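[1] The amino acid sequence is not available; the structure is as follows:
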């Protein structure tokens, strides 16, 4: 279960008028998961929402049970009973379970009604059907999820220092295979792409191009648009943040995968320290591919949720 969030209470206390723009849509807009969606797509989500009422002490969800719904408290109080730690209360405007819409992960706490409780509920099964019917919604969710990841990571160098590394043996295998087949073998191990089906990864891999940089050549510059994802195949580079922090990169290190989705400015400069060989996946081609086949974003959403749960 995701950590609960809060939406503007004013949106809730106006009273519940099911599916009306002036009440439910503003609530959805305030949920980070949905911030990348158009109003039309928010209306589609609003259409699968149902009102749920719980008597005092009624079980809303049980720790360990499948995550099957997202709830916003509209009236009353919900009590979170964690497996370890103190109970907390959710009041009107607070919400829980939004990440479960994507991955259905088991609940980490039990929630009961603390008095008469009314929630707006979106069930995961209905949400899955919606994504199958209109997969372009998944691409909008990816933008919201990347925003959540970036909030967890914080500013500047934290993102660079958290960059992951692939096993050097995997990199060697990718070099031996070469081309899109080699790059696809690397994508299997990148958290963003792990849940993406093999047939979709093949499409992604075909977009990658090998690129070489000479020693002291700039790969990316802090503040420039995030226009590509890089995996270092051979050679070394140095990351330097605007505040002077540095980090060394070598074969297997990768960076810029979130930029494929949101194009956010680079938080650091990366410079080759010797002859450097990378696989580069351009954001422009990646976004074009998503427009042509938005169902690819469903797997990306799962990868982003897994990253968020790890950061939590």
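    That came through, no problem. Fair warning: this is a prediction, and the values are worked out from it, not measured in the lab.
[2] what is the mean pLDDT for the strand or helix carrying residue 286?
    If you go by DSSP states H and E, residue 286 is part of helix 283-292. Averaging pLDDT along helix 283-292 yields 96.
[3] got the buried residues for whichever helix or strand comes after that helix?
    Per DSSP H and E, the first helix or strand lying C-terminal to helix 283-292 is helix 296-311. Neighbour-count burial for helix 296-311, with 16 or more other C-beta atoms under 10 Å as criterion, is recorded at 296-308. Any C-beta I mention is one placed from the backbone N, CA and C, and that applies to glycine too.
[4] next one: stretch 32-50
    33, 34, 35, 36, 37, 41, 42, 45, 46, 49.
[5] repeat for stretch 280-287
    Using 16+ other C-beta under 10 Å as the test for burial, stretch 280-287 gives 280, 281, 283, 285, 286.
[6] got the contact list for the fourth one?
    It stands for residue 285. residue 207 (C-beta atoms under 8 Å, 6 or more residues apart in numbering).
[7] coming back round to it: which pair of the buried residues of stretch 32-50 spans the longest distance?
    36 and 49 (18.7 Å; C-beta to C-beta).
[8] Where do the helices of the protein begin and end?
    9-13, 24-29, 39-46, 100-103, 124-133, 136-153, 157-161, 168-177, 179-187, 198-205, 259-262, 283-292, 296-311 (DSSP state H).
[9] how about those in a markdown table, adding distance to residue 251?
    What follows is those, written out as a markdown table (distance: least, C-beta to C-beta, whole Å):
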| stretch | distance to residue 251 |
| --- | --- |
| helix 9-13 | 50 |
| helix 24-29 | 43 |
| helix 39-46 | 41 |
| helix 100-103 | 31 |
| helix 124-133 | 37 |
| helix 136-153 | 24 |
| helix 157-161 | 17 |
| helix 168-177 | 5 |
| helix 179-187 | 11 |
| helix 198-205 | 18 |
| helix 259-262 | 21 |
| helix 283-292 | 23 |
| helix 296-311 | 22 |
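[10] now for those helices, which one comes closest to residue 244?
    helix 157-161 (9.1 Å).
[11] What mean pLDDT does the closest one get?
    For helix 157-161, the mean per-residue pLDDT is 41.
[12] Low-confidence regions, the stretch 51-200 of the chain specifically.
    155-164, 167-182 (pLDDT under 70).
[13] Look up how far residue 69 lies from the residue nearest to residue 65 when sequence neighbours are not counted.
    Nearest residue to residue 65, sequence neighbours excluded (C-beta to C-beta, 6 or more residues apart in numbering): residue 107, at 5.3 Å. Separation of residue 107 from residue 69 (C-beta to C-beta, to the nearest Å): 10 Å.
[14] which residues sit in contact with the residue lying closest to residue 258 once chain neighbours are set aside?
    Spatial nearest neighbour of residue 258, excluding adjacent residues (C-beta to C-beta, 6+ apart): residue 146 at 5.1 Å. Taking C-beta under 8 Å, 6+ apart, we find residue 146 in contact with 258, 261, 262, 304.
[15] so residue 100 sits right up against residue 71, yeah?
    No. Checked against C-beta atoms under 8 Å, the pair residue 100 and residue 71 is beyond contact range at 9.9 Å.
[16] Name the residues contacting each of the two.
    Common neighbours of residue 100 and residue 71 (C-beta under 8 Å, 6+ apart) do not exist.
[17] Can you give me the neighbour number for residue 216?
    10 (other C-beta atoms under 10 Å).
[18] what's the closest of the helices of the chain to residue 81?
    When the helices of the chain are compared by C-beta to C-beta, helix 100-103 sits nearest residue 81, at 17.3 Å.
[19] what's the domain layout of the protein?
    5-132, 149-311 (automatic domain parsing).
[20] where's the last one relative to the chain centroid, distance-wise?
    Spelled out, it's domain 149-311. Its chain's average C-alpha position is 15 Å from that of domain 149-311, according to C-alpha atoms, centre = their mean, to the nearest Å.
[21] for the first one, same thing?
    Using C-alpha atoms, centre = their mean, the distance from the centre of domain 5-132 to the centre of the chain it belongs to is 19 Å.
[22] any idea what sits nearest residue 198, other than its immediate chain neighbours?
    residue 184 is the one closest to residue 198 (C-beta to C-beta, 6+ apart), at 8.0 Å.
[23] Many thanks, I have nothing further to ask.
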